[in-house]
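Q: Predicted structure and sequence below. I'll ask about it afterward.
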Amino acid sequence: MGAPTTRSGTGICENPLAPEGRHVVAPAGNVRTSLIFRTAGVSLRLTLKSGRDAEDRSDDAELRPVVPRRCHLGCLSEGERVDIRRARVGLMSVADLTRGGLLMDLPVDMPVIDCHVHAYPEEAGRRTQAAFGNSSPEYAGTPEDLLSLLGQISTSPENGAILKNLTPTAEMARAAWDRVAGRLTADDERHMYAEVKERMAGRIRRRNAWGNEVTKRHPTLVNFIGVDPNFLTPEENVEELELRVRDGAKGICIHPTRNLHRPEDYRLWPLFERAQELDIPVLTHSGTEGYRPAYMGLNAEPYDFKALLDTFPRLRLIIGHLGNPYFDQLVDMAQRYPSLTFESSGPVSAREPYAYADEYLVRLLRQLGTDRVMFGSDFLFGEPVGPARRLLSLPLTDAEKEAILGRNAQQFLGL
């Protein structure tokens, strides 16, 4: 039998749950029919097959702007009347998705503030994604890409984000050493160490300066500068903070796991003391989110921040990724330290299968206090539209959703 022919149609139905628009008829013979319908403003492409070609079960669908997923209607008999609600996207049916809110109508009119963003100039963003295995990214990861995605979530002119200007100095330095391992004399190693340290310090400063330049072009974005006890001296970290704050920076970011230091590293004490004086918040990575087993939350379980908060009780610390998966520690920390604030990227995710059920997430968010949790996506390693849909689909009150999506961040950052 020859290759299957393809017939395409559009506008099958606006709502797959509506009685008048639920059904399509399977094509006759060895035919593949591609059907496009829209539900709650989202395009969904279904491929129906019949005859022997249906045996390969390669029916598929793309759901956009949510991450593309597979959709199955199963093998069909000629002329069979098909209920579109049987289509499955990942582990959920179209009916479940619509009922649960993941196909809810976007954009909404409440502001969205993404409090965990890694943005880059275009070429640097593409190189960064390629280094993490994404050689064909849908977007480069620029601030403009981010704002465009936030515009898919909300029509509010107040949409914004925290630029987390992390420089992975430990990994960069290790790569530099690996290139010359075993080929240097003792004197050469001393010169190499000084050169690498100067190079890493320069990268930190340039990235911080770039973040401030971005926020001048896009006033709803705020810059959280990178600091590092391994490549900047205690005095240099304080000088960097004061310089960038005078130029518009609003916070500090640290990554104890990736940059290999304890949260309470004594070399950062002058920096944290100055941050308290200036009322400057600190956003930190926490938990195992996004890391291979060798890291596994090194220096970043919620309890790892006890000494820091005991030493600097007025420090405005934001725990990233909700400390995933150390939620018992996180809830205990929330009760011990009322000044703590939390950021949601990772656990509040649209990735399937869900790591945490809706009811579990709602209970966790309310235990922490929905007035203390801020939305985050970990862009460009994640995207904000899917997590925002997931948050808005949770059985929270409208006031709680609006608070987490943006109002808490606006209040916390003074936007």
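A: Nice, thanks for sending it over. Numbers count the residues shown, from 1 in each chain.

Q: which stretches of this protein form helices?
A: 94-100, 122-131, 143-153, 169-180, 186-217, 234-246, 269-278, 306-311, 327-336, 358-368, 385-393, 398-402, 408-413 (DSSP state H).

Q: gap between residue 255 and residue 170?
A: Distance, residue 255 to residue 170, using Cβ to Cβ, to the nearest Å: 9 Å. Heads up, the C-betas are built off the backbone N, CA and C, glycines and all.

Q: neighbour count winner among the two?
A: residue 255 (24 against 18; other Cβ atoms under 10 Å).

Q: hang on, that one packs against residue 166?
A: Yes. Counting by Cβ atoms under 8 Å, residue 166 is a contact partner of residue 255 at 5.4 Å.

Q: related to what we said a few turns ago, nearest to residue 284, of the helices of the chain?
A: Among the helices of the chain, the nearest to residue 284 by Cβ to Cβ is helix 306-311 (8.8 Å).

Q: and the closest one, what does it pack onto?
A: helix 269-278 (3 or more Cβ pairs under 8 Å, 6 or more residues apart in numbering; DSSP states H and E).

Q: Next, the angle from the helix it packs on to helix 234-246.
A: 30 degrees (axes from the mean of the first three to the mean of the last three Cα atoms, to 10 degrees).

Q: what sits up against helix 269-278?
A: Applying Cβ atoms under 8 Å, 6 or more residues apart in numbering, the contact partners of helix 269-278 are 227, 234-235, 237-238, 241-242, 245, 252, 280-282, 308, 311-312, 314-316.

Q: And those residues, which of them are buried?
A: Listed as buried from the contacts of helix 269-278 are 227, 237-238, 241, 245, 252, 280-282, 308, 312, 315-316; burial here means 16 or more other Cβ atoms under 10 Å.

Q: okay, those in JSON lines with pLDDT next?
A: Formatted as JSON lines, the buried ones among the contacts of helix 269-278 follow (pLDDT from 0 to 100):
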{"residue": "227", "pLDDT": "97"}
{"residue": "237", "pLDDT": "98"}
{"residue": "238", "pLDDT": "98"}
{"residue": "241", "pLDDT": "98"}
{"residue": "245", "pLDDT": "98"}
{"residue": "252", "pLDDT": "98"}
{"residue": "280", "pLDDT": "98"}
{"residue": "281", "pLDDT": "98"}
{"residue": "282", "pLDDT": "98"}
{"residue": "308", "pLDDT": "97"}
{"residue": "312", "pLDDT": "97"}
{"residue": "315", "pLDDT": "98"}
{"residue": "316", "pLDDT": "98"}
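
Q: biggest separation within the residues you listed, which pair?
A: Spatially, the most separated pair among these is 245 and 308, at 20.2 Å (Cβ to Cβ).

Q: so what's residue 319 bridging to?
A: residue 284, residue 342 (DSSP bridges).

Q: Surely it touches residue 342?
A: Yes. Contact criterion Cβ under 8 Å: residue 319 and residue 342 qualify, at 5.1 Å.

Q: sorry, back to before: of all the helices of the chain, which one comes closest to residue 288?
A: helix 327-336 (12.1 Å).

Q: what mean pLDDT does that closest one have?
A: Mean per-residue pLDDT for helix 327-336: 97.
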